[in-house]
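Enquirer: Turn this into a structure:
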Amino acid sequence: MSLSHAIMTALMDRQLTGYDLAKQFDVSLGFFWSASHQQIYQQLKTLTAASYVAVTEVAQSGKPDKRLYELTESGRSELIDWVAGETKRKPARDDLFVKLYNMGVVDGALLLKQILERQTEHQQRLALYQRIRERGYQQPGKLDQHQQGRFLALLAGIYQERAALQWCDEAILLMQSSADN
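Expert: Take a look at the predicted model:
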C-alpha cells in the first residue's frame with residue numbers, strides 16, 4: 001500500500017481539508033498506516049497533479065482560504081483497481097526484536113525496561129481500540145458493508161494488540177525469572 005491509497009481511502013466518503021485528513025490519520029487510518037502531516041500534504045499535491053484528487057478553494061473571512069480535497073472519478077477508479085489487486089504483506093521491522101538478539105551481551109534490565117514500555121503502549125492502544133468498538137460497533141451484524149470493513153480492520157488491531165500483550169507477558173515472566181536465578 002502506498003500513502004496515496006490511504007489518502008484516497010480517507011477521501012472516499014467526503015471532502016476533507018489537509019488538516020482534517022491529517023487528523024484522520026492521527027485517530028483512524030494512522031493505526032494501520034503512519035504518515036507525517038508533511039508527507040500527507042506532499043502526497044495531496046501529487047494526487048492532485050495526477051487528477052486523482054480535486055481541490056476546491058473556499059474563501060474564509062479573516063483567515064487563509066480553506067482547501068477542500070475530494071476524490072475524483074479517476075481517483076475512485078484507481079482506488080478500486082488497487083483494492084482488487086494483489087495484497088502484499090510487509091515484513092515487520094522492529095528494533096526491539098533485533099536488540100533481543102543481544103541479550104546477554106548487554107544488561108538484560110535495559111531490555112526488560114523496553115519490554116515493559118512496549119507492554120504499556122500495547123495496553124493503551126488496546127484500550128483505545130476497545131473504546132472505539134464500544135462506541136460504534138456494538139452490533140456488527142447490523143453494520144453496512146463499508147462499516148463492516150472498518151470494523152474488521154479494528155478487530156484485527158484488537159487481536160494484534162492482545163497477541164502483543166501476551167508476548168510481553170511471557171517475555172517479562174521469562175526475563176524476571178532468569179534474573180532471579
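Enquirer: Would you mind pulling up the elements that the helix ranked longest in the chain packs against?
Expert: When the chain is parsed with DSSP state H, its longest helix is helix 145-180. Where contact means 3 or more Cβ pairs under 8 Å, 6 or more residues apart in numbering; DSSP states H and E, helix 145-180 is packed against helix 108-136. The way it works is simple: take the backbone N, C-alpha and C, and place the C-beta from them, glycine included.
Enquirer: I'd like the average pLDDT over the helix it packs on.
Expert: For helix 108-136, mean pLDDT rounds to 93.
Enquirer: distance between it and the chain's centre?
Expert: 15 Å (Cα atoms, centre = their mean, to the nearest Å).
Enquirer: buried stuff in it?
Expert: Buried positions in helix 108-136, judged by neighbour count with 16 or more other Cβ atoms under 10 Å: 111-112, 115, 118-119, 122, 125-126, 129, 132-133.
Enquirer: and the angle from that helix to helix 145-180?
Expert: Between helix 108-136 and helix 145-180, the angle comes out at 160 degrees (axes from the mean of the first three to the mean of the last three Cα atoms, to 10 degrees).
Enquirer: and residue 67, helix, strand or coil?
Expert: strand (DSSP: H, G, I helix; E, B strand; the rest coil).
Enquirer: which residue sits closest to it, ignoring its sequence neighbours?
Expert: Spatial nearest neighbour of residue 67, chain neighbours left out: residue 55 (5.3 Å); criterion: Cβ to Cβ, 6 or more residues apart in numbering.
Enquirer: quick one, phi/psi of the one you found?
Expert: Backbone torsions for residue 55, taken as degrees, to the nearest 10, come to phi -120, psi 140.
Enquirer: Any idea what it is bridged to?
Expert: residue 69 (DSSP bridges).
Enquirer: so what are the domain limits for this structure?
Expert: Following automatic domain parsing, one gets these domains for the chain: 3-84, 95-180.
Enquirer: Against which helices or strands is the helix or strand of the chain with the lowest mean pLDDT packed?
Expert: Least confident helix or strand, the chain: helix 18-27 with a mean of 82, by mean pLDDT, DSSP states H and E. Here helix 18-27 touches helix 3-10, helix 37-49, strand 66-71, going by 3+ Cβ pairs under 8 Å, 6+ apart.
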